[in-house]
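Visitor: Pasting the sequence and the predicted coordinates here, then a few questions.
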Amino acid sequence: MKISVLGCGRWGSCIAWYLDKIGHDVISSGLEDAPEFIKLRDTHKNDYLSFPDSIRMTSDLKTAVDHAEVIIISISSQYLRSYMTDIAKNNLEGKTIVLCMKGVEVTTGKRLSQVVGDFVDESNTPIAVWVGPGHPQDYVRGIPNCMVIDSKNQEVKNKLVGEFNSDLIRFYLGTDLIGSEIGAAAKNVIGIAAGILDGLNYTSLKGALMARGTREIARLIAALGGNEFSAYGLCHLGDYEATLFSQWSHNRRFGEDLVKGVKFEKLAEGVMTSKALYLLGQEYKVDLPIVESVYNVLFENADIDECIKKLFERSVKKEF
């Protein structure tokens, strides 16, 4: 397939590398003045991997869009709307847009597929999401993992899974677009909470965080019209090892550095997602104590120890 990957960050570069590796015709596209793009263009390397010569690079968005049967977008989630404004200036009819990014738009509470849906006619430009665990540092070493592709369009979903499957990534067909997107976004918030526990040397509490965090996000998914069991799948719980424990996890590291008073320089999507989910919880009247605690620490200057104390002082209730 002819594929253009828009975004040259850690995950975007890995996707381009992977899809080229399994035999697709790949263009990697980024902003002309972005350091990530410049480094890849000039050296065909970044901190995670090396590009073969078969991957072409361009900063011209029209060239990338015109090339593609499938357009994969992998950028910071809060910039998706402004980026789609530029992408939509091109002819997108007959192309498939795949979102390999995790988040919820803070200003609207919309899932990322809904943001793209504001710009395209899904009857001729279908939208899919690619979510689940994995780190570039592991994939380039040949360590396999499992991921999910989900879409409203069953035919597109089947085709993408068939084309992208390999012995490095085993893909599953998602069955709940709402759950897949919310679960994937929310795991980054739980990742920040895990990092906070690591920073406090409360690592043994991460098991309880996993159990209660998953239950909390399941309630939110159900309130939004999805299947609460999606929270227990690859999009959320299945991504916990990569997000709550891995040395490569940006969100976990952000939380740990926050406790230690160290400034974290890279993107941690869970920061803005905590605000988006907090607002959704308020709107849909869903009890999200862990999400709310992370939000209060990040946006309301709440004391971390006090937030943990409040979680333990909550009224006794049944586990399920």
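Guide: Okay, I see it.

Visitor: remind me which residues of the stretch 101-250 of the chain are low pLDDT?
Guide: Scanning the stretch 101-250 of the chain for pLDDT under 70 picks out nothing.

Visitor: all helices of the stretch 101-250 of the chain, in order?
Guide: Taking DSSP state H, counting those that start in this stretch, the helices of the stretch 101-250 of the chain run over residues 112-117, 136-139, 154-164, 177-199, 206-223, 240, 250-260.

Visitor: Output the ones you listed in CSV; the columns should cover distance to residue 83 and mean neighbour count.
Guide: C-beta coordinates here come from the backbone N, C-alpha and C atoms, glycine included. As requested, the helices of the stretch 101-250 of the chain are arranged in CSV below (distance: least, Cβ to Cβ, whole Å; neighbours: other Cβ atoms under 10 Å):
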stretch, distance to residue 83, mean neighbour count
helix 112-117, 10, 20
helix 136-139, 21, 18
helix 154-164, 21, 17
helix 177-199, 17, 28
helix 206-223, 26, 19
helix 240, 29, 21
helix 250-260, 20, 22
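
Visitor: quick one, which of those is nearest to residue 73?
Guide: helix 112-117 (7.9 Å; Cβ to Cβ).

Visitor: Return the distance of residue 16 relative to residue 48.
Guide: Distance of residue 16 to residue 48, computed by Cβ to Cβ, to the nearest Å: 11 Å.

Visitor: Sorry, wrong one. I was asking about residue 75.
Guide: 16 Å.

Visitor: same deal with residue 115?
Guide: From residue 115 over to residue 48 (counting by Cβ to Cβ), the distance is 27 Å.

Visitor: about what we covered before: so which of residue 75 and residue 48 has more stuff around it?
Guide: The residue with more neighbours, out of residue 75 and residue 48, is residue 75; 22 against 17, by other Cβ atoms under 10 Å.

Visitor: list the contacts for that one?
Guide: 6, 7, 9, 12, 83, 101 (Cβ atoms under 8 Å, 6 or more residues apart in numbering).

Visitor: 7 Å instead, please
Guide: Residues near residue 75 by Cβ atoms under 7 Å, 6 or more residues apart in numbering: 6, 7, 83, 101.

Visitor: Just grab the bridge partners of the first one for me.
Guide: So that's residue 6. Note on residue 6: beta-bridge partners by DSSP bridges are residue 29, residue 73.

Visitor: List the residues that contact it.
Guide: 29, 64, 71, 72, 73, 75.

Visitor: Farthest-apart pair in those residues, please.
Guide: 64 and 75 (13.0 Å).

Visitor: returning to that earlier point: just the contacts of residue 6 now: which is nearest residue 42?
Guide: Nearest member of those to residue 42, counting by Cβ to Cβ, is residue 29, at 15.4 Å.

Visitor: Can you give me the neighbour number for that closest one?
Guide: Neighbour number of residue 29 under other Cβ under 10 Å is 26.

Visitor: That one and residue 62 touch, don't they?
Guide: No: between residue 29 and residue 62 there is no contact under Cβ atoms under 7 Å: 10.0 Å.

Visitor: Now residue 97: phi and psi?
Guide: phi -100, psi 130 (degrees, to the nearest 10).

Visitor: shouldn't it be in contact with residue 117?
Guide: No: here residue 97 does not reach residue 117: they are 9.6 Å apart, not a contact under Cβ under 7 Å.

Visitor: anything in contact with each of these two?
Guide: By Cβ under 7 Å, 6+ apart, residue 97 and residue 117 have these common neighbours: residue 127.

Visitor: returning to what we had before: which among the contacts of residue 6 gets closest to residue 188?
Guide: Nearest to residue 188 among the contacts of residue 6, counting by Cβ to Cβ, is residue 75 at 14.9 Å.
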